[in-house]
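**Q** got a sequence here, can you build the structure:
(chains A, B, C and D)
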Protein chains: 2
Amino acid sequence: MFSSAPGPLTKSDRTRAHIRGFAMRSFRERGYDATTIRLIAQEAGVSVGTTHYHFPSKHHLVQELYLDVQYAHRAAAEPVLETTGDLIERLGIVYRTGLEGLAPFHRFAPEFLSAAVSPRSPINPLSTESAPALGIVLDLFRSALAGAKHSLPTDFERALPNALVLGHLLLALFWVYDTSPGQERSFRLLERGLRLLRGVLPLTRVPMLRAPLRELLDLVAEVQA
Amino acid sequence: MFSSAPGPLTKSDRTRAHIRGFAMRSFRERGYDATTIRLIAQEAGVSVGTTHYHFPSKHHLVQELYLDVQYAHRAAAEPVLETTGDLIERLGIVYRTGLEGLAPFHRFAPEFLSAAVSPRSPINPLSTESAPALGIVLDLFRSALAGAKHSLPTDFERALPNALVLGHLLLALFWVYDTSPGQERSFRLLERGLRLLRGVLPLTRVPMLRAPLRELLDLVAEVQA
DNA sequence: GCTATGATCTGAACATGTTCAGTTCTGCCC
DNA sequence: GGGCAGAACTGAACATGTTCAGATCATAGC
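**A** Coordinates of the predicted model:
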């Protein structure tokens, strides 16, 4: 009677996976607020206490959702990245696939944001618990940069990915508040930013302008926790 | 027996003021979470229902706190603004007095942030209900700009205040997450930003650079809801 | 096989923001 | 001054995330 049980999964593992599965599905279908602990427990056929045994808080369940979303982001971006070696194009791909992956959640975005933003709990983007999820995005930007032909000074090249991740977070923040149809304003903002970047990046080679640009990058680096 | 009743205040007005007063005090002393509706009601000598009659939700009470803070910000900044005509100095004054006014709340900042950030409810910074509070800051930046000697192109001069307010919001966001002693990192970030601005603003007069700078300002303007 | 120990699970209890049906009070009109 | 409409107020009830003392289960060691 272990037909689909994949190997060394204990009963506990299966319970956990069950709870996780129902929670993820409900987050997607009903959003954050309507996915109550009691509902998850009921659908998973366990008690309220059991969900809290496997996931210390509702926030921890959202953290799992973040991970799923980031994995999906990577999976969506990587094949498209093969298609071009242009730096700005490649950055655009990462940003765009990121926004597109968020689209199904937009109607619930406010709920998730207020849960996500609190610096105390595990799902704020700067918490250590979020590091794995953010790490995926950081890697994406790193490889977008590494796989592109460009001629950035090495110090810029090294500092850029972190700045790009910060841009990603801020873009996502804007997107949450963006009520335009299809969140087109977010996409327009992105294209504008990319266009600006295309014009500015070459200037890092101009002696006169290098210093202030470096200064700007340092400012952004200062923000990274 | 109306010894200290100031004129045309109805009983209802006084009840409201009472509730407001106790809530403000408790927010300052205990933070957002520990200031429960029941506690406010008890201290104000009314029932739970009455607080919700005068203030539809706990968020609305926080909105009142915002207003108080912004008024205090203006009161703190205006006299200092008299002391200099240098644009960057004046902007620094507005930003610095803003951060300083927030200081007493830093230990509770996370609680307030997660309450504040939700786009659905009245205390998110972009909601119409927040407009008065943000308007005060906008005016501050406007007058900081108006009272300074500078030579910005008029289109820049017109678009700048909104960008400065956005900077204020982002700086406050950073400040919430800033755990350095006295939030010195936030202040350092500010000084860095001001220094950068001092170097960049004159460049708006250089024909070659004006276009990309204008582009940058437009990008920021796009963000304003 | 038997049992002790720790992992797993249960559901009642708690604190909290919010709602609402009902009660009391206020001020105005005749 | 008597009554009435609406404002002001009450507190029990609800939904929800979280906690916790205890029940149950799985399994390692004999």
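**Q** where does the residue nearest in space to the middle of chain A fall, secondary structure wise?
**A** Nearest to the mean C-alpha position of chain A, by CA atoms, centre = their mean, lies residue A:70 at 5.2 Å. In the assignment (DSSP states H and E), residue A:70 maps to helix A:58-81.
**Q** is DNA strand D contacted by that helix?
**A** Yes. Judged by CB under 7 Å from any atom of the strand, helix A:58-81 comes into contact with DNA strand D at A:58, A:59. (Each C-beta comes from the backbone N, C-alpha and C, glycine too.)
**Q** list, one by one, the residues from chain A near DNA strand C.
**A** Near DNA strand C, when you scan chain A using CB under 7 Å from any atom of the strand, you find A:10-12, A:15-16, A:46-50, A:52-54.
**Q** within reach of DNA strand D, which of these are there?
**A** The subset of the residues of chain A next to DNA strand C within reach of DNA strand D, by CB under 7 Å from any atom of the strand, is A:10, A:11, A:48, A:49, A:52.
**Q** count the residues that sit near the fourth one.
**A** Pointing back at residue A:49 there. Here the number of neighbours of residue A:49 (other CB atoms under 10 Å in any protein chain shown) works out to 9.
**Q** which parts of chain A are helices?
**A** According to DSSP state H, chain A carries its helices in the segments A:11-34, A:37-44, A:48-54, A:58-81, A:87-102, A:109-116, A:131-146, A:154-177, A:184-200, A:207-223.
**Q** of all these, which one comes closest to residue B:81?
**A** Taking CB to CB, helix A:207-223 is the member of the helices of chain A nearest to residue B:81, at 24.7 Å.
**Q** quick check: angle from that closest one to helix B:207-223?
**A** On the basis of axes from the mean of the first three to the mean of the last three CA atoms, to 10 degrees, helix A:207-223 is oriented at 20 degrees to helix B:207-223.
**Q** distance check, whatever residue of chain A ends up closest to DNA strand C against residue A:13.
**A** The nearest approach of chain A to DNA strand C comes at residue A:49, 2.1 Å away (CB to the nearest atom of the strand). Distance from residue A:49 to residue A:13, counting by CB to CB, to the nearest Å: 18 Å.
**Q** what does residue A:97 give?
**A** 31 Å.
**Q** again with residue A:141
**A** 33 Å.
**Q** neighbour count: these two, which is higher?
**A** residue A:141 (22 against 13).
**Q** contacting residues for the more buried one?
**A** Counting by CB atoms under 8 Å, 6 or more residues apart in numbering or on different chains, residue A:141 touches A:91, A:94, A:160, A:161, A:164, A:165, A:168.
**Q** show me chain A divided up by domain.
**A** Annotated domains of chain A cover A:9-56, A:59-224 [automatic domain parsing].
**Q** pull out the buried positions in stretch A:43-60.
**A** Neighbour counts over stretch A:43-60 (16 or more other CB atoms under 10 Å in any protein chain shown) mark A:43, A:44, A:46, A:50, A:51, A:54, A:55, A:58, A:59, A:60 as buried.
**Q** now the residue lying closest to residue A:87 once chain neighbours are set aside. Its backbone dihedrals?
**A** Leaving aside its sequence neighbours, residue A:87 sits nearest to residue A:148 (CB to CB, 6 or more residues apart in numbering or on different chains; 3.8 Å). Per-residue torsions, residue A:148: phi -110, psi 150 (degrees, to the nearest 10).
**Q** residues in contact with residue A:148?
**A** Residue A:148 neighbours (CB under 8 Å, 6+ apart): A:85, A:86, A:87, A:90.
**Q** which one of those residues sits in the busiest neighbourhood?
**A** Counting neighbours by other CB under 10 Å, residue A:90 leads the contacts of residue A:148 with 25 neighbours.
**Q** look up how far residue B:146 lies from that one.
**A** 44 Å.
**Q** from the chain's centroid, how far away is stretch A:80-94?
**A** Its chain's C-alpha centre and that of stretch A:80-94 lie 18 Å apart, by CA atoms, centre = their mean, to the nearest Å.
**Q** can you list contacts of that stretch?
**A** Contacts of stretch A:80-94 (CB under 8 Å, 6+ apart): A:77, A:97, A:137, A:140-141, A:143-145, A:147-150, A:164, A:168, A:190-191, A:194, A:197-198, A:201.
**Q** that one: end-to-end distance?
**A** End-to-end distance for stretch A:80-94, by CA to CA, to the nearest Å: 9 Å.
**Q** stretch A:45-56 now?
**A** In stretch A:45-56, first residue to last residue: 18 Å (CA to CA).
**Q** where does chain A have low pLDDT?
**A** Residue ranges of chain A with pLDDT under 70: A:1-9, A:119-123, A:225.
**Q** so how far is residue B:67 from residue A:29?
**A** 39 Å.
**Q** in this structure residue A:188 contacts residue B:219, no?
**A** No. Contact criterion CB atoms under 8 Å: residue A:188 and residue B:219 do not qualify, at 10.1 Å.
**Q** mind putting the domains of chain A into CSV with distance to residue B:172?
**A** As requested, the domains of chain A are exported to CSV (distance: least, CB to CB, whole Å):
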stretch, distance to residue B:172
domain A:9-56, 24
domain A:59-224, 13
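**Q** figure out which of those domains is closest to residue B:107.
**A** domain A:59-224 (11.4 Å).
**Q** residues of chain A that sit close to chain B?
**A** Proximity of chain A to chain B, by CB under 8 Å from any CB of the partner chain, involves residues A:109-111, A:113-115, A:117-120, A:124, A:126, A:170, A:174, A:176-177, A:185, A:188-189, A:192-193, A:195-196, A:199-200, A:212, A:215-216, A:218-219, A:222-223, A:225.
**Q** which of the residues you listed count as buried?
**A** Neighbour counting with 16+ other CB under 10 Å marks A:109-111, A:113-115, A:117-119, A:124, A:170, A:174, A:176-177, A:185, A:189, A:193, A:196, A:216, A:223 as buried within the residues of chain A next to chain B.
**Q** in terms of neighbours, single out the busier of residue A:29 and residue B:67.
**A** Per other CB under 10 Å, whichever of residue A:29 and residue B:67 has more neighbours is residue B:67, with 14 against 11.
**Q** in contact with that one, which residues?
**A** Applying CB under 8 Å, 6+ apart, the residues contacting residue B:67 are B:132, B:133.
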